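>>> Provided below for reference: sequence and predicted model.
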Amino acid sequence: MSIDLKTIKHISKLSRISVDEKRAEKLADDLNSIFEFIEKLNELKTDDVKPLTSIAETTLKFRSDEIKSKNIREQIIKNSPEDNEDYFVVPKVIE
Amino acid sequence: MSDITKQSLTELVENIKNKKLSSTDVTKAFIQRSEKSSELNAYITDDFTSALDKAKKFDQNPNLDLKLPGIPMAVKDLFCTKNVKTTAGSKILNNFVPTYESTVTENIWNEGAILLGKLNCDEFAMGSSNETSHFGNVQNPIDKNLVPGGSSGGSASAVAGQLTPITIGTDTGGSIRQPASFTGIVGLKPTYGSCSRYGIVAFASSLDQAGPMAQNVKDCALLQEVISTYDPKDSTSINFKRNHYSKELTKNIKGKKIGIPKEYRVDGMPKEIEDLWQKGIQYVKDCGAKPIDISLPHTSYALPTYYIVAPAEASSNLARYDGVKYGYRAKGENLIDMYEKTRSEGFGAEVQRRIMIGTYVLSSGYYDAYYLKAQKVRKLIKNDFDKAYKKVDAILTPSTPSSAFKIGEKKNDPVSMYLNDIFTVPVNLAGLPGISIPAGHDTKGYPLGLQIIGKAFDEQNILNIAFAMEEKINFKNKITDWWIK
């Protein structure tokens, strides 16, 4: 298996990380060497193995849906790169 | 007392409780030494002024019943600290000031400790040498231009260099134990679910655990006792009976059965690591415990499994960094362009690489071949341990396949860097506790560690084994203060 530039472009789009041609080539090299290493798993037959989905083997607990934090608007907005008091500001979405 | 920073946590606590030292004395001493140690680059953010104020306040009305009375402590910059910048070693969180506190650090402050500052780490804890940090690499106090290991490299360097009496790191694939081994200190990765993940910047949620890094086993046990609590704010936190680890610590490990897994004798392992392991087996016998040969047949599949599971979870966790609500934002022509530029400029190369791997293995058409396969192999790895623990009480292995390496040596070869974690990764995949203790030096004089792996929730047992072995090993860290002008 080999990851080509077209695949890198596709993953980069899915990851929302823009990469230029030079970076893409380097990434293809890196990912190919990593996947070559990962391919080792194919030596194992695992058809009858149940996947491990939770390490603690407990079911998640339910809790009642109560509001615990109140009036924290200021705290939420505090770290925003751009805001206008009540809202986060983003580039225009609708023309 | 002139040599305050040379004292262990246990000694400092005792001296403060006996009023031989004040919190101000201790805090001042560690601040002064930290200020003289900027060449180590262990800190990302210091909080010295505020620390000294808190120490003075503590001394005015000291509560000496607390477990960490007025003890100054720097922590890994992956823990959210209220009103103190938390970067996770990344440009994308360069300006992030949390409005809340992580549970683990809150537990520490509740027992009287005082924040000294935030310690350097690999970006989002992704790395084994601290070279992926946006804030530059960290020096190992053992020797100039030597990596301290990673990802908790700043934490390891700060404890070994005596800039903080003790610290906490996080461990996803070895990030506490490997740097502990590289710097000649003790590092414990607790059982998954033992310490709350609330308020820790997430890397791989099914593997991440916080844990103590200390000068000795007793200090380590004391901090573990403080940080391990059940927390409803973390849905994977487990409500089990926690020991008073430091009080119940004993060197009596007579009759304990210690497994020696033959699969950890990997190809190309340096002779000095094999020799160290043999010495470790002798120490086990000297303590009255019994080494038993065991097999963990799927060991060699652990790293490839990890490099699917961890990036997959990371790609999902790191999707939140989009430049909208907090963190770095790049200018874009439209919303999508802004996302893509923010993430491209905000994340470093290793983090981008892992997000890409994770995105690929989770993408349509590849999920079964990679992610599902990895989850199945993860089950086989866990089964290996379950089977072994029917015969033994704990397992002894080397902590790392080599001693610390030079800065830059492995930077351009991701796979060779990943191989560093070959002995630590299986423990995270199986959710078990593991502790690394310093056990000897290689021919260059660099420290080497041994790892003791326990059953789930059996931290007391591996702490006891480590405590007993520590006495026999009688390790002395060779710190020359080369970085202090």
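Great, that's in hand.
>>> CA atoms for contacts and neighbours, from now on please.
Noted.
>>> contacting residues around B:K256?
By C-alpha atoms under 8 Å, 6 or more residues apart in numbering or on different chains, the residues touching B:K256 are B:288-290, B:392-393.
>>> wait, I meant B:D77
B:44, B:86-89, B:118-121.
>>> ok, so of these, who is nearest A:K50?
Closest approach to A:K50 among the contacts of B:D77 (C-alpha to C-alpha): B:A88, at 34.7 Å.
>>> can you report phi and psi for the closest residue to that closest one other than its chain neighbours?
By the measure of C-alpha to C-alpha, 6 or more residues apart in numbering or on different chains, the closest residue to B:A88 outside its immediate chain neighbours is B:L78, 4.6 Å from it. For B:L78, the backbone dihedrals are phi -110, psi -10 (criterion: degrees, to the nearest 10).
>>> pretty sure B:L78 sits against B:R197.
No. With contact defined as C-alpha atoms under 8 Å, B:L78 and B:R197 do not form a contacting pair (10.7 Å).
>>> picking that back up, let me have the contacts of B:K256 in TSV, adding secondary structure as columns.
Formatted as TSV, the contacts of B:K256 follow (DSSP: H, G, I helix; E, B strand; the rest coil):
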residue	secondary structure
B:G288	coil
B:A289	coil
B:K290	strand
B:V392	coil
B:D393	coil
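>>> can you pick the most crowded of those?
B:V392 (21 neighbours; other C-alpha atoms under 10 Å in any protein chain shown).
>>> measure the residue nearest to B:A88 to B:A51 for me?
To B:A51, B:L78 is 19 Å away according to C-alpha to C-alpha, to the nearest Å.
>>> now do B:T229
25 Å.
>>> again, but for B:K144
B:K144 is 29 Å from B:A51, by C-alpha to C-alpha.
>>> so which of these two has more stuff around it?
Between B:K144 and B:A51, B:A51 has the larger neighbour count (other C-alpha under 10 Å), namely 23 against 14.
>>> quick one: residues contacting B:Y360.
A:11, B:366.
>>> torsion angles phi and psi at it?
According to degrees, to the nearest 10, B:Y360 has phi -60, psi -50.
>>> state the distance from it to A:T7.
Relative to A:T7, and taking C-alpha to C-alpha, B:Y360 is found at 9 Å.
>>> how about B:D386?
Taken as C-alpha to C-alpha, the span from B:D386 to A:T7 is 40 Å.
>>> strands along chain A, start to end?
Remark: no strands are assigned in chain A by DSSP state E.
>>> can you list the residue ranges for helices in it?
A:5-15, A:21-38, A:73-78 (DSSP state H).
>>> where in chain B is pLDDT low?
B:1-2 (pLDDT under 70).
>>> so what touches the helix or strand of chain A with the lowest mean pLDDT?
Sorting the helices and strands of chain A by mean pLDDT, DSSP states H and E puts helix A:73-78 at the bottom, at a mean of 88. Applying C-alpha under 8 Å, 6+ apart, the contact partners of helix A:73-78 are A:83, A:85-88, B:99, B:325.
>>> next, the buried residues of that helix.
A:76-78 (16 or more other C-alpha atoms under 10 Å in any protein chain shown).
>>> as TSV, those with distance to B:H244 would be great.
TSV is the format used below for the buried residues of helix A:73-78 (distance: C-alpha to C-alpha, whole Å):
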residue	distance to B:H244
A:I76	38
A:I77	41
A:K78	40
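>>> what does the stretch 201-350 of chain B have sitting close to chain A?
B:206, B:235-236, B:301, B:304-305, B:307-308, B:315, B:319, B:323-329, B:332-336, B:338-344 (C-alpha under 8 Å from any C-alpha of the partner chain).
>>> from these, which would you call buried?
Using 16+ other C-alpha under 10 Å, the buried ones in these are B:206, B:235-236, B:301, B:304-305, B:307-308, B:315, B:323-329, B:335-336, B:338-344.
>>> mind checking which of these land in helices?
Per DSSP H, these map to helices at B:304-305, B:307-308, B:315, B:335-336, B:338-344.
>>> just the residues you listed now: which is nearest B:T105?
Nearest to B:T105 among those, with distances taken as C-alpha to C-alpha, is B:S315, at 25.9 Å.
>>> can you give me the distance of B:E313 to B:R353?
In terms of C-alpha to C-alpha, B:E313 sits 13 Å off from B:R353.
>>> overlap in contacts, these two.
By C-alpha under 8 Å, 6+ apart, no residue touches both B:E313 and B:R353.
>>> which other helices and strands contact the host helix or strand of B:T105?
B:T105 belongs to helix B:103-110 when assigned by DSSP states H and E. When contacts are defined as 3 or more C-alpha pairs under 8 Å, 6 or more residues apart in numbering or on different chains; DSSP states H and E, helix B:103-110 packs onto helix B:217-227.
>>> show the subsequent helix or strand relative to the helix it packs on.
strand B:257-261.
>>> what lies in contact with that next one?
B:284, B:289-296, B:388, B:391-397.
>>> at 10 Å what do you get?
B:277-278, B:281, B:284-285, B:288-297, B:299, B:388-389, B:391-397, B:452-454, B:465 (C-alpha atoms under 10 Å, 6 or more residues apart in numbering or on different chains).
>>> quick revisit: so for B:K373, which of the helices of chain A sits nearest?
Evaluated over the helices of chain A, closeness to B:K373 peaks at helix A:21-38, with 10.8 Å, by C-alpha to C-alpha.
>>> give the buried residues for that closest one.
Going by 16+ other C-alpha under 10 Å, helix A:21-38 has these buried residues: A:24, A:27-28, A:30-35, A:38.
>>> that helix near chain B anywhere?
Yes. Helix A:21-38 lies within reach of chain B by C-alpha under 10 Å from any C-alpha of the partner chain, at A:23, A:27-28, A:30-31, A:33-38.
>>> not counting its neighbours along the chain, what's nearest B:I227?
B:I227 sits nearest to B:V104 (C-alpha to C-alpha, 6+ apart), 5.2 Å away.
>>> quick one on the thing from earlier: so can I have CSV of the helices of chain A showing distance to B:P438?
Listed next are the helices of chain A as CSV, based on distance: least, C-alpha to C-alpha, whole Å:
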stretch, distance to B:P438
helix A:5-15, 41
helix A:21-38, 30
helix A:73-78, 44
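>>> least confident of the ones you listed, on average?
Least confident of the helices of chain A, judged by mean pLDDT, is helix A:73-78 with a mean of 88.
>>> residue most distant from the centroid, chain A?
For chain A, the largest distance from the centre (C-alpha atoms, centre = their mean) belongs to A:N71, which lies 30.3 Å off.
>>> I'd like to know how far that one sits from chain B.
13 Å (C-alpha to the nearest C-alpha, to the nearest Å).
>>> identify the residues contacting B:L93.
So B:L93 contacts A:79, B:85-87, B:124, B:321, B:323, B:326-329, B:346-347 (C-alpha under 10 Å, 6+ apart).
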